[in-house]
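*Asks:* Provide a 3D model corresponding to the input given below.
(one chain, ligands or ions: 1)
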Amino acid sequence: MKKWKIMPALVLAVCMFVTLFGGNATTEAMTKVEPASYGTISDFSSIEENLTALQFTKTKKKIKAGKTYKFKVNKTGVTWSVSNKKLAKISKKGVFTAKKCGSVKVSAALGTEKVTFKVKITPKAVIGIDPGHQKSANTGTEPVGPGSSTMKTKVAGGTYGNSSGLKEYELTLQVSLKLKKELENRGYKVVMTRESHDVNITNKERAEKLNESCDIAIRIHADGAGSSSARGATALYPSSSNPYVGNLSAKSKTLSECVLGRYCESTGIKYRGLSARDDLTGTNWSTIPVTLIELGFMTNPSEDVYMANSANQETMAEGIANGVDDYFKK
Ligand SMILES: [Zn+2]
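*Replies:* Numbering: from 1, shown residues only. Next up is the predicted model:
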């Protein structure tokens with residue numbers, strides 16, 4: 001009985017064996033295909049490797065201060081960072097905000113992978129600052145404007161603080177250096193005509209230096225008067241009939257309005273107003289919009305004491321910088 005049941009199973013097994021190995025031709029064909037299919041597998045694996053390596057898919061080499069830009073990589077869940085948080089910041093989603101001029105590295109990290117990209121933050125604008133006067137006056141003369149036969153003192157002595165004893169050239173540099181720092185923190189580039197007292201740079205030379213690379217010029221001065229009661233801040237700009245820089249009158253007036261308005265708002269110093277002046281060498285030689293701000297009267301005891309104070313000077317610088325911001329928003 002058992003043999004009868006086993007026999008058909010054996011026959012079936014033999015038949016299946018023959019069927020499987022009967023297709024010699026098919027086996028041959030598959031063997032021939034194999035080299036090609038190996039090649040395909042190898043190509044796929046190298047593409048797959050490239051796809052899995054972390055890399056940037058969207059970048060920008062130069063970004064202007066104040067602007068934002070969204071960096072992208074080929075993977076999700078990365079951690080973004082910047083090499084200098086004073087210059088820029090980056091959000092968890094890769095949105096980069098440029099704050100201050102300079103070079104900064106943007107990085108994306110995921111596990112052991114990290115990619116880095118170098119970005120240059122360019123300035124919002126280039127601001128020229130001329131801290132009025134210098135340690136020693138230069139009584140030589142120079143033309144009051146291009147082509148003029150009218151000669152004027154190269155650098156006048158300036159006034160001084162009746163209460164503080166501070167010289168005008170000291171006050172103007174103290175405020176200018178704070179203004180420089182404030183503007184740089186806001187994303188501007190700053191060019192100074194001087195950063196020390198013992199220099200000899202004429203008003204014409206100061207204008208020429210700022211003309212080279214700046215977008216606007218800010219001349220910092222302080223007033224003096226015979227009467228100790230005279231007070232307030234003034235901004236001087238060239239009139240539209242100025243033979244040298246009449247073409248810059250409108251823009252210079254706007255700049256003067258912005259700077260003086262915000263300066264007085266910040267400091268509480270009286271707004272004396274704008275004054276059109278065509279007799280200023282440092283203004284007449286300018287080829288860029290220019291303002292000269294008289295910060296206040298050093299001959300007025302309360303304004304003198306206020307302006308000589310370092311913390312107040314920060315407020316003064318902030319006010320002027322607010323005015324610069326306003327000017328470039330117009
Ligand atoms: Zn002065």
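
*Asks:* going forward, measure contacts and count neighbours with C-alpha atoms only.
*Replies:* Noted.

*Asks:* before we move on, could you check phi and psi at the residue of the stretch 1-150 of the chain found nearest the ion?
*Replies:* Proximity of the stretch 1-150 of the chain to the ion (CA to the ion) peaks at G132, 5.6 Å away. Here is the backbone geometry of G132 (degrees, to the nearest 10): phi -60, psi 150.

*Asks:* which ones are touching it?
*Replies:* E168, Y169, T172, L173, R219, I220, H221 (CA atoms under 8 Å, 6 or more residues apart in numbering).

*Asks:* how does it look with 7 Å?
*Replies:* Counting by CA atoms under 7 Å, 6 or more residues apart in numbering, G132 touches Y169, T172, R219, I220, H221.

*Asks:* measure it to F328 for me?
*Replies:* According to CA to CA, to the nearest Å, G132 stands 24 Å off from F328.

*Asks:* Would you map the helices across the chain?
*Replies:* Taking DSSP state H as the criterion, the chain contains helices spanning 2-22, 24-52, 168-185, 203-213, 249-267, 281-284, 301-308, 310-329.

*Asks:* Name the surrounding residues that touch the last one.
*Replies:* Right, helix 310-329. With CA under 7 Å, 6+ apart as the test, helix 310-329 has contacts from 175, 178-179, 182-183, 255, 258-259, 262-263, 266-267, 306-307.

*Asks:* Between these, which sits nearest the ion?
*Replies:* Closest to the ion out of these is V175 (13.3 Å), distances taken as CA to the ion.

*Asks:* Just give me the neighbour total for the residue in the stretch 101-250 of the chain positioned nearest to the ion.
*Replies:* At 4.4 Å from the ion, H221 is the closest residue in the stretch 101-250 of the chain, using CA to the ion. By other CA atoms under 10 Å, 27 other residues sit near H221.

*Asks:* I'd say it and T291 touch.
*Replies:* No: counting by CA atoms under 7 Å, H221 does not reach T291; the two are 10.6 Å apart.

*Asks:* just to revisit the earlier point, so which of the contacts of G132 is surrounded by the most neighbours?
*Replies:* The residue in the contacts of G132 with the most neighbours, by other CA under 10 Å, is H221 (27 neighbours).

*Asks:* Report the spatially nearest residue to that one, omitting neighbours in sequence.
*Replies:* E294 (4.8 Å; CA to CA, 6 or more residues apart in numbering).
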